[in-house]
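A.B. asks: Below are the sequence and a predicted model for it; my questions follow.
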Amino acid sequence: MALRDPADKNLLRMEGRRFAARCDAQVSSIERADTLREVARLATSLTLPFAISEDYTARDALRLVQTRAEDRARELIQEQLQNYVRAEEILREKQRRTMLDSWANLTGPLGHLRTWAQSKLMAAEQQIK
């Protein structure tokens with residue numbers, strides 16, 4: 001595809017805008033997600049097509065999806081930790097196992113949040129004792 005052809009440039013620009021619109025829809029879905037599994041699935045389901053990899057609009061839209069997914073995952077982890085701290089002594093171990101299982105879903109661009117969540121869990125456990 002010749003990049004000097006105006007029709008091809010317009011086609012690529014249109015594809016970039018179309019991808020950005022899909023990313024906006026994905027951000028809306030991420031904001032409504034209520035589990036870490038769903039957030040991780042939504043964060044990794046979009047890939048930037050090679051044909052529009054040079055389009056800044058498409059790259060910025062994909063970066064926005066990943067940033068919003070990370071923010072939403074952090075919110076959900078904070079909520080889990082608050083519930084863990086408030087839980088009765090008997091239920092804490094069960095909640096801890098449940099949290100660790102849900103954190104196993106943090107893969108791909110959200111993989112670094114697993115260690116962040118574990119450090120927050122350790123801080124919460126020290127706060128309890």
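C.D. replies: All right, it came through fine.

A.B. asks: Spatially, what comes nearest to Gln78 if we skip its sequence neighbours?
C.D. replies: Computed as Cβ to Cβ, 6 or more residues apart in numbering, the closest residue to Gln78 that is not its neighbour in sequence is Lys120, at 7.6 Å. No exception for glycine: its C-beta is placed from N, CA and C like everyone else's.

A.B. asks: got the contact list for that neighbour?
C.D. replies: Ile77, Gln78, Leu81 (Cβ atoms under 8 Å, 6 or more residues apart in numbering).

A.B. asks: show me what contacts the most centrally placed residue in the chain?
C.D. replies: Nearest to the geometric centre of the chain sits Ala69, at 2.5 Å (Cα atoms, centre = their mean). Residues in contact with Ala69 (Cβ under 8 Å, 6+ apart) are Ile30, Val39, Ala40, Leu42, Ala43, Pro109, Leu110.

A.B. asks: taking these as a set, which two sit the farthest apart in space?
C.D. replies: Maximum pairwise distance in the contacts of Ala69, criterion Cβ to Cβ, is 12.0 Å, between Ile30 and Pro109.

A.B. asks: These two: who's more crowded?
C.D. replies: Counting neighbours by other Cβ atoms under 10 Å for Ile30 and for Pro109 shows that Ile30 has the greater number, 22 against 17.
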